[in-house]
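> Have a look at this fold, sequence not included:
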């Protein structure tokens, strides 16, 4: 007899299964992919976690507090709908968890963190608005695999002891209902497929299944791999028209189908129009999944231009306000933008999202990190590979050659070299004194006041047009799909609610399918490190509730 069925073996599903099994429950963990994909999207992540007032922060001279973190969260979330009551409760509980038990609970499971805390989503507008007031992005040693592996090991321990059973290539297509409560799941058994993790797998149906249980936990992820669904939910009124072209930050199996299954059975879905897509996407020159995109994690120094060649104004600076910048870029009627930078900037400031793009941090070895980021020549090897092989990069010794190469990439929107030159020259002149009126130059100096940024993340201000700082680099930036911020409506215990707000007995949800908890605990904006953290927190809540 199975007590609990978990549908989706990503991070939230692993955590939920372990927590339920720890309580003596018999768990069946199902996933439409094979065992090579255990851990789902978290495996590909940089491993960043939003945590508050940690030893790592204090060692870097950062003074944080639960009060400041909650103020930042609420200023970013901007909850404004009646259905935000539960998301707000989950947000408050998550921030408390991030400031208290999260670090010790994860450390007891083998987690360790890179000592330099990252400063993501800096906001850049007003103190009570969007953004992190202080650095809070804690990168896990081992990146995504380092986040996933402790829970995979715990699952395997429970499998050995008979408390968890794994069912791969099981695609759930229906929820079974008895007396108004969920009593199990049904679906298709798919043919085995040995494709590498992340690559597309077959959808050949070789059988069917039905499994009954006291409770079902849905942990199937978001919609980012299905661009048609992304466009269907796209908030045109807030962000402008959906891009005609986007690169995919997630594999194609992240399709939202299980969310639809739950909704068709009567589950409430809220905040579907809230989503989180990045503006610094690159077409991967060595793709793993279809239309594979990689995000640049930029430092603050690259000059950012829209498709028409106009420099983006504050707060639309690299690393400051993702959705505000997305709206600004799309306001031109085009869906690409440009970075212009120097070799000095790319060496100090460019990082790429994903475990596979950060082999030094993924290895968990200090020697690899020092060699790649402090002692080696040039930018880290994956960044140099993109600069050399990526279709979005233009490298040149002169501005004339650079702008000509950029215009050749987007002939439908050619750039005016004199317009570009004038804007860069004006910015360069602002670096000649220790004070400036240029908001980006001021932000760069503010960033360098933080020891972590000065050490490995922010280049010393310099003239972009000075030949000694070159070569010049232009990077075409694409919109990259990533996360759903809305989802199945749950209470603070991960219990799914029906469309009318009543409890849906027997049904629970966690992770991205539940908007990382509550049906949208981020509100409108994410503070980063809150995706993995949300999967862990909501999966833990679900596993403890069944």
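Everything's here; your move. Keep in mind it's a predicted model, so treat the numbers as computed, not measured. Numbers count the residues shown, from 1 in each chain.
> For stretch 65-79, buried residues please.
Using 16 or more other C-beta atoms under 10 Å as the test for burial, stretch 65-79 gives 68, 69, 70, 72, 73, 74, 75, 76, 77, 79. (C-beta placed from N, C-alpha, C; glycine too.)
> which ones among the residues you listed are found in helices?
Among the buried residues of stretch 65-79, DSSP state H puts 68, 69, 70, 72, 73, 74, 75, 76, 77 in helices.
> what's the closest of those to residue 367?
residue 69 (33.7 Å; C-beta to C-beta).
> Residue 4 is in contact with residue 28, isn't it?
Yes: Residue 4 is within contact range of residue 28, at 7.3 Å (criterion: C-beta atoms under 8 Å).
> Can you pull the residues that touch both of the two?
Overlap of the contact sets of residue 4 and residue 28 (by C-beta atoms under 8 Å, 6 or more residues apart in numbering) consists of residue 213.
> Looking at those two, which is more packed in?
Per other C-beta atoms under 10 Å, whichever of residue 4 and residue 28 has more neighbours is residue 4, with 25 against 22.
> confidence score at that one?
Per-residue pLDDT puts residue 4 at 98.
> residues contacting it?
Taking C-beta under 8 Å, 6+ apart, we find residue 4 in contact with 17, 20, 25, 26, 27, 28, 213, 214, 215, 216, 217, 546.
> before we move on, what about residue 361?
With contact taken as C-beta under 8 Å, 6+ apart, residue 361 is in contact with 46, 47, 114, 139, 141, 142, 143, 368, 369.
> Among these, name the buried ones.
Buried, going by 16+ other C-beta under 10 Å: 46, 47, 114, 139, 141, 142, 143, 369, out of the contacts of residue 361.
> Looking at those, spot the one nearest residue 107.
residue 141 (11.4 Å).
> Below-threshold pLDDT in the chain: ranges please.
372-376 (pLDDT under 70).
> ok, 80 please
Counting by pLDDT under 80, the ranges of the chain that qualify are 1, 364-377.
> farthest residue from the center of it?
For the chain, the residue at maximal distance from the C-alpha centroid (C-alpha atoms, centre = their mean) is residue 179, at 38.8 Å.
> Have a look at this protein and report its longest strand.
strand 472-484 (DSSP state E).
> which SSE is residue 261 in?
Using DSSP states H and E, residue 261 falls within helix 257-264.
> Please enumerate residues in contact with that helix?
Contact with helix 257-264 is made by 7-8, 171-175, 218, 220-223, 269, 487-488, 496, 507, 509, 513, as judged by C-beta under 8 Å, 6+ apart.
> Which positions in that helix come out as buried?
Those would be 257, 258, 259, 260, 261, 262, 263, for helix 257-264 by 16+ other C-beta under 10 Å.
> With stretch 98-115 instead?
By 16+ other C-beta under 10 Å, the buried positions in stretch 98-115 come out as 98, 99, 102, 103, 106, 111, 113, 114.
> For the second one, what are phi and psi?
According to degrees, to the nearest 10, the main-chain angles of residue 99 amount to phi -100, psi -10.
> elements contacting the longest strand of the chain?
Packed against strand 472-484, as judged by 3 or more C-beta pairs under 8 Å, 6 or more residues apart in numbering; DSSP states H and E, are the following elements: strand 247-248, strand 275-283, strand 293-297, strand 336-342, helix 343-349, strand 393-396, helix 399-409.
> Flag every buried residue along it.
472-484.
> Please work out the angle formed by the directions of it and helix 257-264.
Inter-element angle recorded for strand 472-484 and helix 257-264: 30 degrees (by axes from the mean of the first three to the mean of the last three C-alpha atoms, to 10 degrees).
> Direction included, what does strand 472-484 pair up with?
In the sheet, strand 472-484 lines up against strand 247-248 (parallel), strand 275-283 (antiparallel), strand 336-342 (antiparallel), strand 393-396 (antiparallel) (DSSP bridges).
> Turn those strands into CSV, columns for distance to residue 403 and mean neighbour count.
Below are the strands paired with strand 472-484 laid out as CSV (distance: least, C-beta to C-beta, whole Å; neighbours: other C-beta atoms under 10 Å):
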stretch, distance to residue 403, mean neighbour count
strand 247-248, 24, 22
strand 275-283, 20, 24
strand 336-342, 9, 24
strand 393-396, 8, 19
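> before we move on, the earlier item: any chance of CSV for the buried residues of strand 472-484, columns distance to residue 328?
Formatted as CSV, these follow (distance: C-beta to C-beta, whole Å):
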residue, distance to residue 328
472, 24
473, 22
474, 19
475, 17
476, 17
477, 12
478, 15
479, 12
480, 16
481, 18
482, 18
483, 20
484, 22
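> still on that earlier bit, so of the contacts of residue 4, which ones are in strands?
27, 28, 215, 216, 217.
> Closest to residue 452 out of these?
Among the ones in strands among the contacts of residue 4, residue 217 lies closest to residue 452 (C-beta to C-beta), at 37.4 Å.
> count of residues packed around that closest one?
The tally of other residues near residue 217 (other C-beta under 10 Å) stands at 34.
> so what's it up against?
Residue 217 touches 4-7, 13, 16, 20, 494, 508-510, 542-543, 546, counting by C-beta under 8 Å, 6+ apart.
> What about these, which are in helices?
13, 16, 20, 542, 543.
> what two of those have the greatest distance between them?
Using C-beta to C-beta, the two most remote members of the ones in helices among the contacts of residue 217 are 13 and 20, lying 10.6 Å apart.
> For residue 532, see how far away the closest residue to residue 215 other than its chain neighbours is.
Nearest residue to residue 215, sequence neighbours excluded (C-beta to C-beta, 6 or more residues apart in numbering): residue 546, at 4.1 Å. Residue 546 is 22 Å from residue 532, where distance means C-beta to C-beta, to the nearest Å.
> For the longest helix seen in the chain, name the packing helices and strands.
Determined from DSSP H, the single longest helix within the chain is helix 143-160. Where contact means 3+ C-beta pairs under 8 Å, 6+ apart, helix 143-160 is packed against helix 11-22, strand 164-168, helix 359-363.
> got CSV for the ones you listed, with distance to residue 235 too?
Shown next, in CSV, are the helices and strands packed on helix 143-160 (distance: least, C-beta to C-beta, whole Å):
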stretch, distance to residue 235
helix 11-22, 25
strand 164-168, 36
helix 359-363, 34
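> Deepest in the core, which of these is it.
Among the helices and strands packed on helix 143-160, helix 11-22 has the highest mean neighbour count (mean count of other C-beta atoms under 10 Å), at a mean of 29.
> contacting residues around that one?
Residues contacting helix 11-22 (C-beta under 8 Å, 6+ apart): 3-4, 6-7, 9, 27, 29, 31, 38-42, 147-148, 151-152, 154-155, 158, 163-164, 217, 219-220, 508, 510-513, 532, 535-536, 538-540, 542-544, 546.
> That helix to strand 164-168, inter-axis angle?
Helix 11-22 runs at 150 degrees relative to strand 164-168, counting by the same axes, to 10 degrees.
> quick one: contacts for residue 225?
Contacts for residue 225 (C-beta under 8 Å, 6+ apart) come out as 248, 250, 251, 252, 253, 254, 255, 289, 481.
> got a list of what the second one touches?
Applying C-beta under 8 Å, 6+ apart to residue 250 gives the contacts 41, 221, 222, 224, 225, 289, 481, 482.
> Thought residue 354 was touching residue 362, still the case?
No: counting by C-beta under 8 Å, residue 362 stays clear of residue 354, with 9.2 Å between them.
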